[in-house]
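In: model this:
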Amino acid sequence: MKYDVIGIGYPLLDKVAKVSEDFIVKNGLTKSKMHLVNSEQSRKILSMLDENFVKNSPGGSAANSLVAVCRLGGNPLFLGMTGNDFNGNTYRNLIKKIGIMSDLKSCNEMQGTSVIMVTPDTERTMVTHLGAAMELSIEHINLNNISNSKILHFAAYQLDGEKPAEAVFYAMEYAKKNNILISIDLADRALIERHREKVNKIMKDYADIIFVNEDEAEKLTNKKPIEAVEEIKKSCDIAIVKIGEKGSLIMNNDGLHKINGFKVNAINTTGAGDAYAGGFLYGISHGFDVKTSGKIASYVAAQVVASHDSMINRNLQEEIKNIIKE
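Out: Now for the predicted structure:
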């Protein structure tokens with residue numbers, strides 16, 4: 001296979017900026033929360049950041065996972081829709097610089113962004129505009145790329161848009177018929193409730209690997225982690241419930257595996273779950289068993305938690321050699 005993992009997702013340009021408490025209040029935002037906004041609101045926030053230091057990085061759940069795959073030495077491919085504007089060009093250049101192969105399409109809609117505003121107390125307030133990302137549709141799915149991949153991965157955020165949802169179901173149908181593993185991160189407790197019928201269909205008909213955190217697991221099954229992972233396993237080959245600093249629970253046909261977390265000084269949990277998924281998928285795509293893959297995933301997630309930066313500028317191949325040997 002040419003690619004270890006093909007990810008379908010929202011390509012969102014993360015823009016991290018240091019702002020004052022007054023900036024948050026003046027814009028009617030709730031501190032430490034994520035706000036989904038329209039294009040007009042997004043433009044307003046972006047224009048007000050012109051005088052602030054802004055650090056750009058390529059984000060979105062699927063992209064974050066693929067960064068981890070890439071930094072571990074894997075060969076991922078990213079599929080999504082970007083804007084044909086300055087921020088869209090910036091996103092495509094950043095993905096290329098990291099080393100991730102991409103099949104990113106472009107349209108005339110505004111590039112999707114996630115503005116992460118950091119106040120002096122280090123709290124993060126997010127303003128997200130999906131923009132062009134919502135324009136991905138069936139016609140943009142290259143089936144040859146799926147054929148040349150070991151795993152198809154996406155986050156359930158894709159279900160929030162009618163066209164992106166149709167695109168991932170189209171991709172899953174093809175992957176299933178061609179024995180490509182299908183991986184989904186259920187991503188958000190509220191999303192599970194919004195799209196319960198679609199989530200149930202994915203679990204029943206398509207998913208081979210399912211990622212949830214303990215909050216999402218409870219929403220999905222009405223059960224606590226150990227019972228939840230057993231319930232989810234009934235619908236797939238590998239069920240994973242992430243339980244924060246305590247690690248994760250993984251169940252496959254060999255039984256239940258408890259993966260311990262790596263102890264670090266927690267600075268930032270944003271993107272840790274995405275990195276975990278990327279670490280695990282790297283392991284599975286390279287022939288490691290679920291326990292070793294879980295350890296790799298746990299290590300990668302811990303590195304995200306311990307740093308304000310993501311995995312973008314780190315080569316993790318040397319770092320995980322001892323984990324693989326254990």
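In: For Arg189, give its distance to Asn213.
Out: 9 Å (CB to CB, to the nearest Å). Placement of C-beta: from N, CA and C, glycine included.
In: Those two - which one has more neighbours?
Out: Between Arg189 and Asn213, Asn213 has the larger neighbour count (other CB atoms under 10 Å), namely 23 against 16.
In: can you pull the contacts of the closest residue to the more buried one other than its chain neighbours?
Out: Spatially, and ignoring its direct neighbours in sequence, Asn213 is nearest to Lys242 (4.5 Å; CB to CB, 6 or more residues apart in numbering). Shown in contact with Lys242 (CB atoms under 8 Å, 6 or more residues apart in numbering): 211-214, 248, 273, 276, 301.
In: For PyMOL, write the selection for the buried entries among the residues you listed.
Out: To isolate in PyMOL the members of the contacts of Lys242 that are buried, counting by 16 or more other CB atoms under 10 Å, one can use:
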select buried, resi 211+212+213+214+248+273+276+301
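In: Make a markdown table out of the contacts of Lys242 and add pLDDT.
Out: Output for those, formatted as a markdown table (pLDDT from 0 to 100):
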| residue | pLDDT |
| --- | --- |
| Phe211 | 98 |
| Val212 | 98 |
| Asn213 | 96 |
| Glu214 | 95 |
| Ser248 | 97 |
| Gly273 | 93 |
| Tyr276 | 96 |
| Ala301 | 92 |
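In: which residues does the residue nearest to Asn213 form a beta bridge with?
Out: Asn213, Ser248 (DSSP bridges).
In: which SSE is Tyr276 in?
Out: Using DSSP states H and E, Tyr276 sits in helix 272-285.
In: helices and strands around that helix, which ones?
Out: Using 3 or more CB pairs under 8 Å, 6 or more residues apart in numbering; DSSP states H and E, the elements in contact with helix 272-285 are strand 3-8, helix 61-71, strand 149-155, strand 181-185, strand 209-213, strand 238-242, helix 290-305.
In: Can you say which of those is nearest to Ile267?
Out: Of all those, helix 290-305 sits nearest to Ile267, with 6.9 Å by CB to CB.
In: Let me know the next secondary structure element after that closest one.
Out: Downstream of helix 290-305, the next assigned helix or strand under DSSP H and E is helix 321-325.
In: Report the central residue of the chain.
Out: Residue closest to the mean C-alpha point of the chain, counted by CA atoms, centre = their mean, is Ser61 at 2.2 Å.
In: In contact with it: list those residues for me.
Out: Applying CB under 8 Å, 6+ apart, the residues near Ser61 are 9-10, 155, 157, 185, 187, 274.
In: Go through these and single out the one with the most neighbours.
Out: Counting by other CB under 10 Å, top hit in the contacts of Ser61: Asp274 with 30 neighbours.
In: so what's that residue closest to, chain neighbours aside?
Out: Asn64 (3.5 Å).
In: which residues does that neighbour contact?
Out: By CB under 8 Å, 6+ apart, the residues touching Asn64 are 271, 274-275, 278, 310.
In: how far away is it from Asn144?
Out: Asn64 is 25 Å from Asn144, where distance means CB to CB.
In: ditto for Tyr174
Out: 10 Å.
In: More neighbours: which of these two?
Out: Tyr174 (15 against 9).
In: wouldn't the more buried one be in contact with Leu143 here?
Out: Yes. Between Tyr174 and Leu143 a contact is recorded at 5.3 Å, counting by CB atoms under 8 Å.
In: which of the contacts of Ser61 lies closest to Val229?
Out: Using CB to CB, those come closest to Val229 at Asp185, 14.8 Å.
In: The closest one contacts Ala277, correct?
Out: Yes. Here Asp185 reaches Ala277: they are 5.2 Å apart, a contact under CB under 8 Å.
In: Of the contacts of Ser61, which is the nearest to Ile238?
Out: Asp185 (12.6 Å).
In: Contacts only, for that closest one.
Out: Here Asp185 is in contact with 61, 65, 153-156, 211-212, 273-274, 277 (criterion: CB under 8 Å, 6+ apart).
In: what bits of the chain have low per-residue confidence?
Out: 51-52, 266, 308-313 (pLDDT under 70).
In: For stretch 1-16, what is the distance to the chain centroid?
Out: In this view, stretch 1-16 has its centroid 8 Å away from the chain centroid, taken as CA atoms, centre = their mean, to the nearest Å.
In: can you give me the end-to-end distance of it?
Out: End-to-end span of stretch 1-16 (CA to CA, to the nearest Å): 36 Å.
In: which parts of stretch 59-75 are buried?
Out: For stretch 59-75, burial by neighbour count (16+ other CB under 10 Å) applies to 59-72, 74-75.
In: and the residues you listed, which two are the farthest apart?
Out: So, the buried residues of stretch 59-75 by CB to CB: farthest apart are Gly59 and Asn75, at 20.6 Å.
In: Need the nearest residue in space to Ser235, chain neighbours excluded.
Out: For Ser235, the closest residue by CB to CB, 6+ apart turns out to be Met203, at 4.0 Å.
In: wait, the one you found sits on Ile210?
Out: Yes. Using CB under 8 Å, Met203 is in contact with Ile210, at 6.6 Å.
In: Need the residues touching each of those two.
Out: 232, 235-236.
In: Good, wrapping up.
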